[in-house]
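Asker: A structural model of the following input is requested.
(4 chains, ligands or ions: 6)
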Amino acid sequence: MRRLLNDPYDVVEEMLEGFCRAHSEHVHLYEDDGRVVVSNLAPVKNKVGVIIGGGSGHEPLFLGYVGENFADAAVIGNINTSPSPESCYNAVKAVDAGRGCIYLYGNYAGDVMNFDMGAEMAAEDGIRVETVTITDDVYSSENIADRRGVAGDFFVFKAAAAKAAMGADLDEVVAAAKKANDNTRSMGVALSSATHPATGRAMFELAEGDMEIGMGIHGEPGVRRGKLQNADKVVDEIMSYILPDLPFEAGDEVAVLVNSLGATPLMDLHICYRRVAQILDEKKIKIYSSLVGPYATTMDMFGMSITLMKLDSELKELLDYPCNAPYYVKK
Amino acid sequence: MRRLLNDPYDVVEEMLEGFCRAHSEHVHLYEDDGRVVVSNLAPVKNKVGVIIGGGSGHEPLFLGYVGENFADAAVIGNINTSPSPESCYNAVKAVDAGRGCIYLYGNYAGDVMNFDMGAEMAAEDGIRVETVTITDDVYSSENIADRRGVAGDFFVFKAAAAKAAMGADLDEVVAAAKKANDNTRSMGVALSSATHPATGRAMFELAEGDMEIGMGIHGEPGVRRGKLQNADKVVDEIMSYILPDLPFEAGDEVAVLVNSLGATPLMDLHICYRRVAQILDEKKIKIYSSLVGPYATTMDMFGMSITLMKLDSELKELLDYPCNAPYYVKK
Amino acid sequence: MYTDCILGKDYFYQVIEKIAGLIEEKRDYLTELDAAIGDADHGFNLSIGFREVLKKMPEWKDKDIKGFFRSVGMTLLGKVGGAAGPLYGSFFMKFGEPGSGKDEVTFQELFEMFKQGVEAVEQRGKAILGEKTMVDALRPALNAFEKAMKENLEAKQVMEAFVDAARQGAEATIDMIAKKGRAMRLGERSRGHLDPGAASSTMILEVFLDCFPF
Amino acid sequence: MYTDCILGKDYFYQVIEKIAGLIEEKRDYLTELDAAIGDADHGFNLSIGFREVLKKMPEWKDKDIKGFFRSVGMTLLGKVGGAAGPLYGSFFMKFGEPGSGKDEVTFQELFEMFKQGVEAVEQRGKAILGEKTMVDALRPALNAFEKAMKENLEAKQVMEAFVDAARQGAEATIDMIAKKGRAMRLGERSRGHLDPGAASSTMILEVFLDCFPF
Ligand SMILES: Nc1ncnc2c1ncn2[C@@H]1O[C@H](COP(=O)(O)OP(=O)(O)O)[C@@H](O)[C@H]1O
Ligand SMILES: Nc1ncnc2c1ncn2[C@@H]1O[C@H](COP(=O)(O)OP(=O)(O)O)[C@@H](O)[C@H]1O
Ligand SMILES: [Mg+2]
Ligand SMILES: [Mg+2]
Ligand SMILES: [Mg+2]
Ligand SMILES: [Mg+2]
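Answerer: Ligands and ions are numbered 1, 2, ... in the order given. Purely as a prediction, here's the structure:
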C-alpha cells in the first residue's frame, strides 16, 4: 500500500474533519450529522437548495464543490458507497430555504435507494425534493437511463447550481440539470485500480502495462481490456465512442473536461487534451472552454476520462457563472 | 508503466501544446521560444516582471501559476531539468515592462547556472534581472543557502507576484520574495518514485510498504527510509523537523500547504492536514489560511509534503491578493 | 404445533451479536466477492454497520422486540450505505414488527418476522428471483420455511430447511447473469461469481439456526 | 614536433557524429548512473541535445571550426538544460575558439582547444578535483595531455594518455563523496557510485581518440 491513512474505519470521518478545517472559510459539518458538508452561506435566502453526494473516495467530488453559487451541501457516504437516507434527509434540513431542493448524483442503484428514502423523509416534512441522476458514461449501457454518472457530474452540478444561484425555481433548476445531463457524455480509461483503505490492496486487478477502456470509476468493466496504448491512440478510441453518441457534430460548441482518475499527472492529461483538441478541430467542433485536472477521481487510481458537454447560450452562461468553492473557483 | 504518453522525446512539447490550448484564456507560448509560457497580459505596464521556472514534471508548478497578478512567465525545462539560458533570457524579453524582472526558482545547481546565464544575457540588453532562489526544504542541508526548493515555491511565487502586482519596484519585489522564502519551511515523505517517461521505469527504487521521510521531489534522499507508518505518525515526524527549524512558536500565525507529490489523493492529504491542524492547535500556532492539494508534484510519485509559512500583516496581504491563473484562482 | 417453541429477546440479542462477529470475520471474504463483480465494499460496509450495532446494543436492552430490531435496522440504514444499507436496514426494521410490545415470540411469529423482512427487501430493491441478488437466497429460504411448517416438520428441521434453501439459492447465483445492482452492467462477465449479497444473507440466516435453542 | 599532425574539419565532424551515436547507445546507462545519486536524467537529456545537434549539423557544414563548435555548444546549451547543459555547452563553445577562421588545426592547437574547454567547465561549475564531478575526468585528462606532449610522446600516444587519465579519473569518483551538483546533498550515501558526468565526459574524450587519424 502506498497510502497515508490511519485506522481504515476512521478514514471518512478524519477526511471530513481535515476538510472542514482546511476549508473553513467555505464549509462546515452539519451539527446534527457528521456526514453532511454544508456551505457556510446555506440556507441561501430564496434559493433552491442544491444537494450533491455519493460515496467517498472521489474527491474533490463531491465535497469540494460546496460553496458560494455552487452546491449548498454534499452528502458523504463510506468509500465507494452511497450515503444513508438520514444524511440525505439531513442535508435537506440544512439547506432548504423554502423553495425546495434538488438532489444531484451519479446514477447508481445504491445511491438511488438512499436518496429516494431521504426525499421521502423530506416530503413528510412538506419539503419538495426533486432528483436528477447523472448518466454521462457513454459505455455503461445502451439505455441512457441505465448509464452511470462519472466526471460529467461536474458540469451538471455547475449548471444546476448556477441556475439556482440566479434565482430560478425548483422546476427550472431541474430543467437546467436535465438539459446539462442530456448534453454531456464521458468515457474513461483505467490503468490501475485504487487501493482500498481497509484491505490495503487493489480493489480489482489490472496488471501494469494493461488498460481497460470504458471502465467505471468503481472498477466496473468497460469496452475492452488490452495492452496499454500510447496517449493519442487511447484518446482516439475514447473519442470514437463519445462523439457519435450524442452525437457531437460540426458547428457544435463544447466544454471539454480531461479528468484524472487520481494518480495520472497533469503532464499526461495535457498530452491527452492536445489530442482531444486536434480531433475536435478536425471535426469542426468548437471548444468553448476547457478543464484539465483531477475533478472526479477514485483515490489513487491511474487513468483518465474525457467529458464533452454540448453548449447553447444558456449552458454557456451557467458554466461561466462565477462561483467560489474549495476545489473550483470561477471569477 | 501506467502513463499516458506518446514519444518520450515529445513529452514536454506536447504537454505545452495541450496546456496553452486548454488554458488559452490565460497563457500562450512565446513566439520565439517554445519553452516560455507567457501570460496573455504580459508585459504588464509599469509592473516588475515575475518569471518562474524549472524542470518539467512538477505540474502545476510552474506553468500553472502564470496569469493575472501571478507570474508573468514560466520557463520550462526538460523533465527534472532546468531550462536553458536562452529560454530564461527569452522570458525576460517577453515580459519586461521597463522596470526589470525577478527570477524565482528552486535552489538547484543546474537551475542556478542556467538562470544566471539568462540574467547575464539580459544584462547585456540593459535589463536588470534579480534572482531569489527558494530554499524551503528543511532537511536538505544544515546550511539554509544550500537547501532545495520544494512546495514552498508556491508561497514565495504568490507573495512576490502580489507585491509586483501592487506596483512595487524590483527591490521591493526582491525583498518580498526573500521575506517569503525566509519564513517558509517544508518537508515531505515519498512513498514511491515517479515513472520516467523515457525509460518507462521508476526513477529510483522505493519498495511498496516503504517510505522515505525528507526525500526531495527529484528523489534526493532524506532523513531516513523505513517501513510506512500511519498518517499521524508521518505527520508528527515531519512536523518535528519543520517546527523547530524556523522556529514556529506559540502566538505565530501561519499559512499551511499540505501538498500531494502527485499520486497521493485528497483523502489522504486531508487526513494529514487534520493532524497538522491538531499539532498547531497544541502548540498554539494559529492557522491563517490553508491549501490542500497537488501544488508541486513529481508526476506520478506517491507522497506528501507539508509547508508552513509564518505570516505578518504584509505576507497575509500578499497571499490574499486576488489572482487568476490556470491552477490557482484567488477571489 | 410449535406451541412450546417460544423465542425470547435473549435469542435475538445473541443472534445479532453473533452476526456482528461473523461479519467481522468474513469481512474481507465478502469484500473479495464484491471486488469480482461489484465495487469491493460489501464486507467492509457491513462491518462498519455491525460494529455500530454492537456498540449501541447495550442501550437497547429495555426495548421490546420491535424496538430492538427497529434500532438495528436504523443503525444499519444510517451506517452501511450503498445497496446493502437500505436493503438490510429495511429487512431488520420490518423483521421486528410482529414483535411489537413483546419480549418473546412464537415460532409462527418468527416465520411472520422473516416474511416481513424478506418482503421489505423485495419491495425496496424490486428484485425478483434469478436476478443474482440477495433475494435469490432470502426468497427460497422463506418459501422453504413455509413449506416445512406446512409439512409439520419439527422447529429445528424447519430452520434447517430454511438455511439449506438459502445456501442453495446463494450457490445458484454463481451461474446467473446479474440483472440488478451494480453487477448488472457486467452482463455475461457477471457469470461465474457468487453474489456477495446472497452470500452475506445466507451467513445471517445461518446464525438464526446456529443460535436456535430447540 | 607534431607538425604533420593536422586535424581537419572532417575529423571534428566525425567526432561529433560518433559522440551523438554513443550518447544514444549509452543513454539508459548514463541515466541509471544518475538515478543512483542524482535525478535520473543525465543520459536522456544529453540524448535530447545530441539528437538536435545531429539534426542541425548539415546546416553548419560551411562554418569554420570555431563556428561549428559554437553551434554545437549553443545547441547543447539550448536543449540539454540542468547542470550538463551549461557545462557541456560551455565546453564546446570554448573548445572551438582556437579554430577561429580555420578549417584545420595543429595538434598543439588541439591541446589548446581541450584546455579552453576544460577551463570553461571549471569556471562555469566552480568544481575542483575530488568533488565527484566531470572535472575529475576532464582535468586529469588535460594534465596528462600536457605532460605527454612535454615528454614528446607521439600524437597517438598523447591521446591515449589523455583518455587513460580520464578513465582513471572517472573511476576514482566512485570512492568520492560528492561536493558539487545534485549529489552533494547525499553526503556519505553518494560514495560507491560512479559520477554520471565523469562517465559521460570520459566517453566523449574516448571518441576523440577513436577517430584520431594518426
Ligand atoms: N435491487 C436489489 N435488490 C436486492 N438486492 C440487491 C439489489 N441491488 C443490489 N443488491 C444486493 O446488494 C449486494 C451489493 O451490496 P453492496 O456492495 O453493499 O452495495 P453497492 O452495490 O452499493 O456497493 C449485491 O451483491 C446484491 O446481493
Ligand atoms: N558544479 C559542477 N561542476 C562540474 N560538474 C558538475 C557540477 N554539477 C554537476 N556536475 C556534473 O553534472 C552531472 C549531472 O548532470 P545532469 O544529470 O545532466 O544535471 P542535473 O544534476 O541538473 O540533473 C554530475 O554527474 C556532475 O558530473
Ligand atoms: Mg458500493
Ligand atoms: Mg536534472
Ligand atoms: Mg459493493
Ligand atoms: Mg541529473
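Asker: now name the helix or strand holding residue 122.
Answerer: Unless you meant another one, I'm taking chain A. helix A:109-124 (DSSP states H and E).
Asker: can you look at chain C instead?
Answerer: helix C:107-125.
Asker: do residue A:189 as well
Answerer: Judged by DSSP H and E, residue A:189 forms part of strand A:184-190.
Asker: where exactly do the strands run in chain C?
Answerer: Per DSSP state E, chain C carries strands over the ranges C:6-8, C:104-106.
Asker: how many neighbouring residues does residue A:175 have?
Answerer: A count of nearby residues for residue A:175, using other CB atoms under 10 Å in any protein chain shown, gives 16. Just so you know, the C-beta spots here come from the backbone N, C-alpha and C atoms, and that holds for glycine as well.
Asker: check contacts around the residue of the stretch 101-250 of chain A found nearest chain D.
Answerer: Here the residue of the stretch 101-250 of chain A nearest chain D is residue A:230; by CB to the nearest CB that distance is 18.0 Å. Shown in contact with residue A:230 (CB atoms under 8 Å, 6 or more residues apart in numbering or on different chains): B:4, B:5, B:6, B:7.
Asker: try it again with 10 Å
Answerer: Contacts for residue A:230 (CB atoms under 10 Å, 6 or more residues apart in numbering or on different chains) come out as A:236, A:271, A:275, B:3, B:4, B:5, B:6, B:7.
Asker: show me the residues you listed that map onto helices.
Answerer: Those of the contacts of residue A:230 mapping onto helices are A:236, A:271, A:275, per DSSP state H.
Asker: dump these to a markdown table, plus distance to residue C:128.
Answerer: Shown next, in a markdown table, are the ones in helices among the contacts of residue A:230 (distance: CB to CB, whole Å):
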| residue | distance to residue C:128 |
| --- | --- |
| A:236 | 42 |
| A:271 | 48 |
| A:275 | 46 |
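Asker: any chance of TSV for the residues you listed, columns neighbour count and distance to residue B:128?
Answerer: Listed next are those as TSV, based on neighbours: other CB atoms under 10 Å in any protein chain shown; distance: CB to CB, whole Å:
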residue	neighbour count	distance to residue B:128
A:236	15	49
A:271	31	37
A:275	25	42
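Asker: of the residues you listed, closest to ligand 2?
Answerer: Of all the ones in helices among the contacts of residue A:230, residue A:271 has the smallest distance to ligand 2: 22.6 Å, by CB to the nearest ligand atom.
Asker: which residues pair with residue A:291 across the strands?
Answerer: With DSSP bridges as the criterion, residue A:291 is bridged to residue A:257.
Asker: surely it and residue A:155 touch.
Answerer: Yes - the pair formed by residue A:291 and residue A:155 meets the contact definition of CB atoms under 10 Å, at 9.0 Å.
Asker: these two - which one has more neighbours?
Answerer: Set residue A:291 next to residue A:155 and count neighbours by other CB under 10 Å: residue A:155 wins out with 27 against 22.
Asker: spatially, what comes nearest to that one if we skip its sequence neighbours?
Answerer: residue A:309 (4.7 Å; CB to CB, 6 or more residues apart in numbering or on different chains).
Asker: show me which residues of the helix or strand harbouring that neighbour are buried.
Answerer: Applying DSSP H and E as the criterion places residue A:309 in strand A:303-310. Buried residues in strand A:303-310, counted by 16 or more other CB atoms under 10 Å in any protein chain shown: A:303, A:304, A:305, A:306, A:307, A:308, A:309, A:310.
Asker: tell me how far the third one lies from residue A:239.
Answerer: Right, the one you point to is residue A:305. Computed as CB to CB, to the nearest Å, the residue A:305 to residue A:239 distance reads 12 Å.
Asker: next one: residue A:282
Answerer: Here the criterion is CB to CB. By it, residue A:282 lies 10 Å from residue A:239.
Asker: quick one, the strand holding residue A:189 and strand A:303-310 angle?
Answerer: Relative orientation of strand A:184-190 and strand A:303-310, computed by axes from the mean of the first three to the mean of the last three CA atoms, to 10 degrees: 170 degrees.
Asker: now do strand A:184-190, average pLDDT.
Answerer: Averaged over strand A:184-190, pLDDT sits at 97.
Asker: show me what that strand is packed against.
Answerer: helix A:153-165, strand A:210-213, helix A:231-245, strand A:253-260, strand A:303-310 (3 or more CB pairs under 10 Å, 6 or more residues apart in numbering or on different chains; DSSP states H and E).
Asker: quick one: is the longest helix seen in chain C near ligand 3?
Answerer: Longest helix in chain C by number of residues, with DSSP H as the criterion: helix C:9-37. No - Helix C:9-37 does not reach ligand 3 (CB under 5 Å from the ion); its nearest approach is 7.7 Å.
Asker: over to stretch A:202-220?
Answerer: No - figure legend: stretch A:202-220 not in contact with ligand 3 (CB under 5 Å from the ion); closest approach 6.8 Å.
Asker: out of the helices and strands packed on strand A:184-190, flag the one nearest ligand 4.
Answerer: helix A:231-245 (23.6 Å; CB to the ion).
Asker: for the closest one, buried residues please.
Answerer: Under the neighbour-count criterion of 16+ other CB under 10 Å, helix A:231-245 has A:231, A:232, A:234, A:235, A:237, A:238, A:239, A:241, A:242, A:243, A:245 buried.
Asker: quick one, it and strand A:253-260 angle?
Answerer: Going by the same axes, to 10 degrees, helix A:231-245 makes 140 degrees with strand A:253-260.
Asker: centre of the chain to helix A:231-245, how far?
Answerer: 20 Å (CA atoms, centre = their mean, to the nearest Å).
Asker: got a markdown table for the ones in helices among the contacts of residue A:230, with pLDDT and distance to chain B too?
Answerer: Output for those, formatted as a markdown table (pLDDT from 0 to 100; distance: CB to the nearest CB, whole Å):
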| residue | pLDDT | distance to chain B |
| --- | --- | --- |
| A:236 | 98 | 12 |
| A:271 | 98 | 5 |
| A:275 | 98 | 8 |
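Asker: which among these gets closest to residue D:153?
Answerer: Of all these, residue A:271 has the smallest distance to residue D:153: 54.2 Å, by CB to CB.
Asker: tell me who's in contact with that closest one.
Answerer: Applying CB under 10 Å, 6+ apart, the residues contacting residue A:271 are A:230-232, A:235, A:258, A:265, A:304, B:3-6, B:10-19, B:197.
Asker: buried members of those into ChimeraX, please.
Answerer: If you want just the buried ones from the contacts of residue A:271 in ChimeraX, going by 16+ other CB under 10 Å, the selection is:
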select /A:231,232,235,258,265,304 /B:3,4,5,6,11,12,13,14,15,16,17,18,19,197
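Asker: circling back: so what sits against both of residue A:291 and residue A:155?
Answerer: With CB under 10 Å, 6+ apart as the test, residue A:291 and residue A:155 both reach A:255, A:257, A:307, A:319.
Asker: tell me the pLDDT of the closest residue to the first one other than its chain neighbours.
Answerer: By that I understand residue A:255. Leaving out its chain neighbours, the residue that sits closest to residue A:255 by CB to CB, 6+ apart is residue A:309, at 4.5 Å. On the pLDDT scale, residue A:309 is placed at 98.
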